[in-house]
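got a predicted structure plus its sequence, pasted below:
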Amino acid sequence: MRPQSATPSPASVGLVGKIAALEDPRSPRGRRHSMASVLLCALCAMVAGARHLRAIGQWADAAPQHTLARLGCRISCAALGVRTAPSPATIRRVLLALGPETLAALVRPDVLEVVAVDGKTLRGSATSTDPAVHLFAALTPDRRLVAQVRVPAGTSEIDALETLLAGVGLAGVVLTADALHTQTGTAAYLVEELHADYVLPVKRNQKTLFAQVKALPWAQAPTLATTRDHGHGRAETRTVKAIGLAGRTDFPHAAQAVRLRRHVRDLRTGKVSWTLAYAVTSLEVEQADAARIGALVRGHWGIEAWHHVKDVSLGEDGCKVRCGHAPDNLAVLRALALGFLGRLGQDTVPDAIRWVSYEAFIRPLDVIGLR
């Protein structure tokens, strides 16, 4: 009987079908393993805790016949019905050849309300002659991948934003980003071209805007939302204020400015610290009150923390693969694996990986929805 926490969701079952329908970029000549079986092997191995290509190949090589049958691996002996797993070299070739935008678009949610964009440098991919691969991704607040592109060397995430969001329907969607993207051109593009809204932090990289927002009469503005949290040995209180920006700034389509004040008290030492953060948004008061805008800003902080989880739990920074599209495709598979692991109801991702590893050739397939 399948464990309750491993019951696949309808979305995961649909994903398996989408992977099976992908066009194979390899030449038909000499092709022995279907691309779907190769990708599903890689994904299941990652869900089971594999951190790099060698570990993925070892998982596939050790998989028993009943697992290979569920993965759709090829039958190498028709008389006995014996199946053969794809070799590490075959897995590597597929990940090198498959266009990364194809796999990223495959896992995009059908309905979008909020999208966060953030970049990640794959530090292990650097060599003595080439810089590390830098990936730029768009994600939902629950860490589902919307799109991903590689930022070419010598350019920035600002240059790659239009490429990242091309083909993604963002009408009516709220986009959050870090302070690098608090640019007049970006704000105008999001609202005028994509018909989206934005929530962008205001820091000193935009000196004029920062001075305008900081100088607003925050002392007279009422506190519109307060939240309190306890965890990690500290108590945190957050207060949010909002002020309308009509006629107060020339930043494109800015409707409100928000100030988030964080008071943090160390429960062990009693030491108290506080920080201030500012943001601007194109959302009118009728569309989003201060509490919602504050939640959107905090949600983006959570997306940035997600990169740390990928490094610690799936060894992303330790992976030295940099050839072809392999770094991009492995990053997409890691994002998928973390999504499945996060839905298992375990306290942490390492707990979820350990739970899966106790039946490493059954539970990963159950989790992603393979029958």
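It's in.

can you confirm V117 is in a strand?
Yes - when DSSP: H, G, I helix; E, B strand; the rest coil is applied, V117 is found to be in a strand.

hmm, what's the outermost residue in this structure?
Most distant residue from the mean C-alpha position of the chain: A79, 44.8 Å away (Cα atoms, centre = their mean).

A strand includes it, no?
No - secondary structure of A79 (three-state DSSP): coil, not part of a strand.

could you chop this protein up by domain?
Under automatic domain parsing, the residue ranges defining each domain of the chain are 4-99+325-368, 106-311.

okay, those in a markdown table with mean pLDDT next?
Converted to a markdown table, the domains of the chain look like this (pLDDT from 0 to 100):
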| stretch | mean pLDDT |
| --- | --- |
| domain 4-99+325-368 | 87 |
| domain 106-311 | 90 |
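
if we can go back for a sec, distance of the residue farthest from the centre of the chain relative to R32?
As judged by Cβ to Cβ, to the nearest Å, A79 and R32 stand 18 Å apart. Every residue, glycine included, has its C-beta placed from N, CA and C.

next: R371.
23 Å.

repeat for H195
47 Å.

same check, this time on D142
For D142, the distance to R32 - Cβ to Cβ - is 38 Å.

now do the same end-to-end measure for stretch 66-82.
10 Å (Cα to Cα, to the nearest Å).

so which bits of it are buried?
By neighbour count on 16 or more other Cβ atoms under 10 Å, the buried set for stretch 66-82 is T67, L68, R70, L71, G72, C73.

ok, of these, which one's closest to L296?
Nearest to L296 among those: L71, at 39.7 Å, using Cβ to Cβ.

circling back: what's the most buried one of the domains of the chain?
domain 4-99+325-368 (a mean of 18; mean count of other Cβ atoms under 10 Å).

mind checking how far it is from the chain centre?
19 Å (Cα atoms, centre = their mean, to the nearest Å).

got the contact list for stretch 275-284?
Residues outside stretch 275-284 that contact it (Cβ atoms under 8 Å, 6 or more residues apart in numbering) are 174, 182, 187, 190-191, 197-203, 209-210, 213-214, 245, 249, 251, 253-262, 264, 288, 293, 296-297.

cool, and stretch 121-131?
Contacts for stretch 121-131 (Cβ under 8 Å, 6+ apart): 132-135, 153, 316-322, 327, 331.

endpoints of that stretch, how far apart?
End-to-end distance (Cα to Cα), stretch 121-131: 10 Å.

what does the model give D317 for pLDDT?
Looking at D317, its pLDDT is 88.

how about it, phi and psi?
As for D317, its main-chain torsions (degrees, to the nearest 10) stand at phi -70, psi -20.

and what of V82?
According to degrees, to the nearest 10, V82 has phi -80, psi 130.

which helix or which strand is home to the closest residue in space to it that isn't next to it in sequence?
Once flanking residues are discounted, V82 sits nearest to S76: 5.7 Å by Cβ to Cβ, 6 or more residues apart in numbering. Per DSSP states H and E: S76 is located in strand 75-77.

tell me the strands beside the helix or strand following that strand, with direction?
Per DSSP H and E, strand 75-77 leads on to strand 82-83 as the next helix or strand towards the C-terminus. Applying DSSP bridges, strand 82-83 is found paired with strand 75-77 (antiparallel).

give the contact list for the closest residue to P109 other than its chain neighbours.
Closest residue to P109 apart from its sequence neighbours, by Cβ to Cβ, 6+ apart: R144 at 5.3 Å. Neighbouring residues of R144 by Cβ under 8 Å, 6+ apart: V107, P109, A335, G339.

three-state assignment of the closest residue in space to P217 that isn't next to it in sequence?
Of all residues not flanking P217 in the chain, I243 sits nearest, at 7.2 Å (Cβ to Cβ, 6+ apart). Three-state assignment for I243 (three-state DSSP): strand.

how far away is I243 from V285?
I243 sits 10 Å away from V285, taking Cβ to Cβ as the criterion.

overlap in contacts of the two?
In contact with both I243 and V285: Q256, using Cβ under 8 Å, 6+ apart.

just how off-centre is stretch 319-326 within its chain?
18 Å.

okay, how far is it across it, tip to tip?
11 Å.

what residues of that stretch count as buried?
C319, V321, R322, H325, A326.

which residues touch the last one?
In this case it means A326. Contacts for A326 (Cβ under 8 Å, 6+ apart) come out as L53, R92, L95, L96.

so who does the first one touch?
With contacts taken as Cβ under 8 Å, 6+ apart, L53 has the following neighbours: P88, I91, R92, L95, V321, A326, L330.

thought G233 was touching R265, still the case?
No - between R265 and G233 there is no contact under Cβ atoms under 8 Å: 10.0 Å.

shared neighbours of those two, anything?
What both R265 and G233 touch, as defined by Cβ under 8 Å, 6+ apart, is an empty set.

ramachandran coordinates for R204?
Torsion angles, degrees, to the nearest 10, at R204: phi -70, psi 0.

the closest residue to it other than its chain neighbours and L122: what is the separation?
Among residues not flanking R204 along the chain, F210 sits closest, at 5.4 Å (Cβ to Cβ, 6+ apart). In this view, F210 and L122 are 31 Å apart by Cβ to Cβ.
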